[in-house]
Every structure is written in structure tokens, then in C-alpha cells.
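Novice: below are the sequence and a predicted model for it; my questions follow.
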Amino acid sequence: MFYDVGNNPDVDQSGPEGVPAIRNVTIDGLKCEGTNTAIVIRGLPESPIQGVTLNNIEITGAKEGTTISDTRELKIGSVSAQVTAKRK
């Protein structure tokens, strides 16, 4: 899930009404083979992502690990993320 209004002049992001809210997201039974980043959950300081549940997730062959910021009420159960080491 990704929220971005880009340069859309029709979207007013001023004030609290213009800040998105993402809440109560559950991801269950996900399998991923080969990705740039295993998991990214990045809210906003003024609008943290709330109520995220990750369960039964298997990620292999990721180039980078996990980034989680500005997130509240995160529940993790049975999550595996394999990062493939870069060879020099």
C-alpha cells in the first residue's frame, strides 16, 4: 500500500484534513521471492500508521531488510525475511 498524491494540484494537503490516515491493516499468508526491500512500513510523524498485523509471511531473496517507522500497534507473528548478501 502506498499513498502519494505527487504533484496533483487538485489535492489539498494543508491542515489535518489533508493528511492521510492508514489504520487496521492485516497481511496474512504472503509469500514473496526476490524483492528490493523485505518490508517497509513508513507512516508520517503527524499521522502514524496504526493497527498493523503481519502474520504467516515468508520473504526470500530480498536485497535489503526491513524499515518500520512512525507505526503504532504493530503485531508480528510468524514472519521470515531472508536478505541475500551482496557479493563483492
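Specialist: Received, thanks.

Novice: can you give the contact residues for the helix or strand where residue 33 lies?
Specialist: Assigned by DSSP states H and E, residue 33 belongs to strand 23-42. Strand 23-42 has contacts (C-beta atoms under 8 Å, 6 or more residues apart in numbering) with 1, 49-71, 74, 79, 81-83. In short, each C-beta sits where N, CA and C put it, glycine included.

Novice: stretch 59-78 too?
Specialist: Looking at what lies outside stretch 59-78 - C-beta under 8 Å, 6+ apart - the contacts are 30-45, 47-57, 80-84, 86.

Novice: residues contacting residue 58?
Specialist: 30, 31, 32, 80.

Novice: distance of it relative to residue 40?
Specialist: 17 Å (C-beta to C-beta, to the nearest Å).

Novice: could you do residue 77 as well?
Specialist: Separation of residue 77 from residue 40 (C-beta to C-beta): 19 Å.

Novice: can you show me the strands along the chain?
Specialist: 23-42, 49-69, 71-83 (DSSP state E).

Novice: tabulate those strands (TSV), appending mean pLDDT and distance to residue 10.
Specialist: TSV is the format used below for the strands of the chain (pLDDT from 0 to 100; distance: least, C-beta to C-beta, whole Å):
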stretch	mean pLDDT	distance to residue 10
strand 23-42	95	24
strand 49-69	95	25
strand 71-83	95	29
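
Novice: give me the most central residue, the chain.
Specialist: Residue closest to the average C-alpha location in the chain (C-alpha atoms, centre = their mean): residue 41, at 2.5 Å.

Novice: ok, what's across the strand from that residue?
Specialist: Beta-bridge pairing of residue 41 under DSSP bridges involves residue 68.

Novice: can you tell me how far it is from residue 35?
Specialist: Separation of residue 41 from residue 35 (C-beta to C-beta): 14 Å.

Novice: just residue 66 next, same as before
Specialist: From residue 66 to residue 35 the distance is 11 Å (C-beta to C-beta).

Novice: how about stretch 41-50: buried residues?
Specialist: Burial within stretch 41-50, assessed by neighbour count using 16 or more other C-beta atoms under 10 Å, is assigned to 41, 43, 48, 49, 50.

Novice: alright, calling it a day.
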